[in-house]
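**Q** Here is the input, now give the coordinates:
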Amino acid sequence: MLYMNDIFVFGTKLNVVNAIKYFLITCFDMKELDEIDVILDIKITTTEVDISVNQSYYIQKILKIFGQFGYTLVCTPYDPNIHFKNNKDDTMPKNKYVKMVI
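**A** Numbers count the residues shown, from 1 in each chain. So this is what the prediction gives:
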C-alpha cells in the first residue's frame, strides 16, 4: 500500500496536466483539492496570466520564531553607483551554508 499526502501537478499545457490527472485518478483512489495557496511556507498566487511566489510568509514565520517580528522598518542607504559582481569564491562548503540558512 502506498499513501501519499499531497501531489501537485502543474504545467504550461492544460491538456497535458489534465491527462496526467486523469491517469492518476484512474490508477489510484484520490481526490482533487483546491489550488495551492501555501507550500513549504511559500505563498503562491495565480492569475490568468502568471504565477507569483512570495517568501514573505516564511520570513515572517522565522522572525516570529526568533522574537524579531514587529520592529519598525528603516531605510537602508543605497549607492546606485556601486556595482556588485557575482561571488565565485567557494571557500564555504555548501552544506555548511545550507545548515546556516535552514
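**Q** So which residue is dead centre in this protein?
**A** Central residue of the chain (C-alpha atoms, centre = their mean): I42, 4.0 Å from the mean position.
**Q** and that one, what is it in contact with?
**A** If you count contacts by C-beta atoms under 8 Å, 6 or more residues apart in numbering, I42 has them with V53, N54, Q55, Y57, Y58. Yep, even glycine has a C-beta here, placed from its N, CA and C like the rest.
**Q** do you know how far it is from K61?
**A** 11 Å (C-beta to C-beta, to the nearest Å).
**Q** Check G70 too.
**A** Using C-beta to C-beta, G70 is found at 13 Å from K61.
**Q** follow-up on the earlier one: for the contacts of I42, point out the one with the lowest pLDDT.
**A** Within the set of the contacts of I42, pLDDT is lowest for Y57 (79).
**Q** before we move on, what SS does the nearest residue in space to that one that is not next to it in sequence have?
**A** Residue nearest to Y57 in three dimensions, not counting chain neighbours: K43, with 4.6 Å by C-beta to C-beta, 6 or more residues apart in numbering. The local conformation at K43, judged by DSSP: H, G, I helix; E, B strand; the rest coil, is strand.
**Q** go on, the one 10 residues further on?
**A** Classification of V53 into helix, strand or coil gives strand, according to three-state DSSP.
**Q** residues contacting it?
**A** Neighbour list for V53: I42, K43, I44 [criterion: C-beta under 8 Å, 6+ apart].
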